[in-house]
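>>> Dropping a prediction and its sequence here:
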Amino acid sequence: MKKILVTGSAGFIGFHLYRRLTAMGYDVLGIDNLNNYYDVNLKLARLKECGFEPENIAYGRMIESPLGGRFCQLNLEDAAAMVKLFHKEKFDAVCHLAAQAGVRYSVENPSVYIQSNIDGFFNVLEGCRDNPVEHFVFASSSSIYGSSPNIPFREDDPQANPVSLYAATKKSSELMTCSYASLFGIPSTGLRFFTVYGPWGRPDMALFKFTRAVLNGTPIPLYNHGDMQRDFTYIDDIVEGVVRVLLKPLCRADQIPFRVYNIGNGHPVGLRDFVHAVERATRKTAQLDLLPLQPGDMYRTWSDTSKLKRDYDFLPSTPLELGVKNFVDWYRGFYGE
């Protein structure tokens, strides 16, 4: 396995994975559409960390980094461009992380989720079908468990009641991939991420919002009056799990070469406790704005990661206090606060 495509490489997880794989010596091509869902300057800063100067980036232009690897600005929905890319590059593996993220945003802007998470996902699958790869790994989400009463969430739990369109598109991507694995023998693995956090995170994520609010002295909106729990998982743990799975396609041994895994910390944390960790890291006191539960929100996420442990001998292990401190240190350095 030598040449790897990472979609969403200017995004939070994609950026960290891209850096890890290039550091390991792989020939990595990253693609991203650089949309304006959040500050494009943050995405460009991530790319600059990878050796790509913003002034050299243009749609469809392939550029190389002196640090290793390549980047091309590209839309997954651009079917012709995706066909050309896969035909030319002949990837050994694909890690598909690009997607329209955000549960609450999907309530207000549903069409972009269909375009990116369904149509764009389909184009990536078609690329893997027409140009066979050793392994197709893609990002799913803990949100697919929806209103499941089973705690902690196991991979074989029913997922028939997604509570947001975002969750529905993520479940759709799993079903689409399973069908392609069955029909065309594409070795495929889905990874259900649980509330990823850490340096270079997205501005719409809880830790980013909480840190900014505490440092600026503005109230933190806590939904369901703060009575919510999330299985916060540090970015380095996520990347380690992705790399282990990507480079060892155990799904190839199955009759239908398709598997899914939870990647989470396995320890749900209350939002109020999470705020307290931010307070300790910033040495400031938070102001809270207690609000009702929002449409599409889940009360609790909690991963059962025993399957990941069994197959890959890996469990996330970064303590919350350390992870939050690392983010706060990055935030202060990046934004000068």
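Yep, that arrived.
>>> Glu77: which element?
Of the helices and strands defined by DSSP states H and E, none includes Glu77.
>>> who's in contact with it?
115-116, 119-120, 123 (C-beta atoms under 8 Å, 6 or more residues apart in numbering). (Each C-beta comes from the backbone N, C-alpha and C, glycine too.)
>>> host element of Ala213?
helix 206-216.
>>> Neighbour-wise, which one of the contacts of Glu77 leads?
Within the contacts of Glu77, Gly120 tops the neighbour count with 24 neighbours, counted by other C-beta atoms under 10 Å.
>>> Identify the residues contacting the helix holding Ala213?
195, 197, 201-203, 218-221, 230, 232, 271, 274-275, 278-279, 281-282, 284-287, 324, 327-328, 331-332, 337.
>>> so who does the closest residue to Lys3 other than its chain neighbours touch?
Distance criterion C-beta to C-beta, 6 or more residues apart in numbering; nearest residue to Lys3, sequence neighbours excluded, is Asp27 at 4.5 Å. Going by C-beta under 8 Å, 6+ apart, Asp27 touches 2-4, 69.
>>> Also Asp130?
Going by C-beta under 8 Å, 6+ apart, the list of residues near Asp130 reads 83, 86-87.
>>> Quick check: phi and psi at it.
phi -80, psi -20 (degrees, to the nearest 10).
>>> cool, Gln73 as well?
Torsion angles, degrees, to the nearest 10, at Gln73: phi -70, psi 120.
>>> Can you give me the neighbour number for the spatially closest residue to it that is not a sequence neighbour?
Distances taken as C-beta to C-beta, 6+ apart put Tyr59 closest to Gln73, at 5.0 Å, once the chain neighbours are dropped. Residues within reach of Tyr59, counting by other C-beta under 10 Å, total 12.
>>> Contacts for the helix or strand of the chain with the lowest mean pLDDT, please.
Across the helices and strands of the chain, mean confidence by mean pLDDT, DSSP states H and E is lowest for helix 103-108: a mean of 76. Residues outside helix 103-108 that contact it (C-beta under 8 Å, 6+ apart): 37, 100, 113, 143, 164-167, 169, 204, 294-297.
>>> Turn the buried ones among the residues you listed into a named PyMOL selection, would you?
Typed into PyMOL, the line below selects the buried ones among the contacts of helix 103-108, using 16 or more other C-beta atoms under 10 Å:
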select buried, resi 37+100+113+143+164+165+166+167+169+296
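>>> Out of the contacts of Glu77, list just those in helices.
Among the contacts of Glu77, the members falling in helices (DSSP state H) are Asn123.
>>> Closest one to Val94 out of the contacts of Glu77, please.
Asn123 (11.6 Å; C-beta to C-beta).
>>> Return the set of residues that bridge with Arg70.
Leu29, Glu64 (DSSP bridges).
>>> Can you show me the helices along the stretch 51-200 of the chain?
For the stretch 51-200 of the chain, the helices defined by DSSP state H, counting those that start in this stretch occupy 79-89, 103-108, 110-114, 121-130, 165-184.
>>> Which of those helices has the lowest mean pLDDT?
Of all these, mean pLDDT reaches its minimum on helix 103-108 (a mean of 76).
>>> buried residues in stretch 14-32?
14-22, 26-32.
>>> Quick one: end-to-end distance for that stretch.
Criterion C-alpha to C-alpha, to the nearest Å; first-to-last residue distance in stretch 14-32 is 9 Å.
>>> Point out where this protein drops to low pLDDT.
Within the chain, the segments meeting pLDDT under 70 span 1, 160, 296-298.
>>> Find the helix or strand that Leu293 is a member of.
Using DSSP H and E, Leu293 falls within no helix or strand.
>>> Can you get me a residue count around it?
13.
>>> is it true that it touches Arg300?
No - applying C-beta atoms under 8 Å as the test, Leu293 and Arg300 come out as separate, 11.8 Å apart.
>>> any common contacting residues for those two?
Counting by C-beta under 8 Å, 6+ apart, the common neighbours of Leu293 and Arg300 are Met228.
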